[in-house]
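> Whatever this is, show me its structure:
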Amino acid sequence: MDGQKSAEGIRASVQREAKARTGKSGRGTDTLMDETDADRKAEMPEDSRRETGGTGLGTGRERQASAAAKETSRPETTMLLEEVLRRENLVKAYHRVRTNKGAAGVDGMTVDDLKPCLKEQWPRIKEEILTGSYQPRPARRVDIPKPGGKGVRSLGIPIVLDRFIEQAILQILTPIFDPHFSESSYGFRPERSAHDAVLKARQYVEEGYRYVVDFDLEKFLETSSYCTPSHDRLSKRWC
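Predicted structure coming up:
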């Protein structure tokens, strides 16, 4: 019953967020490039479109994915996709990716190449996202030495196009789900930082707490069979 109430609360939040944005802009989904560019790309034959990131159209697997997406789509899902693909949200995501900079992914595209790519290929990419056939590219693995010579930390660098799409999704989902996070959570959350966590820890010390438990689930997702019967309780809750 509690899980059902939580789901209903999140669904209501989705609808309120969408209505609020629609009321402000008065517009639905939009393209990221000029309308003339969009019209020209829509008329261009599929085989003449150069692929950069994502997938092309026309394979059997993609047609199946498209059909599955249509069968399982719900009003809330469609509403969220429309919000993600709004021009204002996409422009904001583009500027954030540009500001963050970062290295190129496996395709070699830099943040400076993103705008020309979107102007040329956005109609195809948007259609793939809407039909559920878009496939992110593999991340480029980079090993960063840990301080004190304690091995290396492996990082995955997505291609710039995938970072742009992920940022657009994040901007819509964060206001919906972040309010449900724990008050004790400070990592990678808006308006929160490690400095806030330190201040909270200082408050606990001043309140008389004297014990600290420090643990790190190192490589947990790489080594744990956390979705198997041997992890019954976790499996029932998350898998």
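> What is the neighbour count of the closest residue to Met109 other than its chain neighbours?
Distances taken as C-beta to C-beta, 6 or more residues apart in numbering place Val160 nearest to Met109, at 4.9 Å, with adjacent residues excluded. (Glycine included, C-beta is placed from N, CA and C.) Val160 has 25 neighbouring residues, counting by other C-beta atoms under 10 Å.
> And Val205, by the same measure?
Counted with other C-beta under 10 Å, residues neighbouring Val205 total 10.
> Kindly state the pLDDT recorded for it?
Listed pLDDT for Val205 reads 93.
> returning to what we had before: OK, contacts around the residue nearest to Met109?
97, 102, 104-105, 109-111, 113-114 (C-beta atoms under 8 Å, 6 or more residues apart in numbering).
> Now Asp107: which helix or strand?
Using DSSP states H and E, Asp107 sits in no helix or strand.
> Quick one: neighbours of it, just the number.
With other C-beta under 10 Å as criterion, Asp107 counts 17.
> Now it. Nearest residue, chain neighbours left out?
Ile159 (5.0 Å).
> The one you found reaches Val106, doesn't it?
Yes - applying C-beta atoms under 8 Å as the test, Ile159 and Val106 come out as touching, 6.3 Å apart.
> intersection of neighbour lists for the two?
Arg137.
> Show me which of the two is the more surrounded one.
Under the criterion of other C-beta under 10 Å, the comparison of Ile159 against Val106 puts Ile159 first, with 23 against 14.
> Please settle this for me: is Glu191 part of a strand?
No - going by DSSP: H, G, I helix; E, B strand; the rest coil, the assignment for Glu191 is coil, not a strand.
> that older thread, from the contacts of Val160, list the buried ones, please.
97, 105, 109, 111, 114 (16 or more other C-beta atoms under 10 Å).
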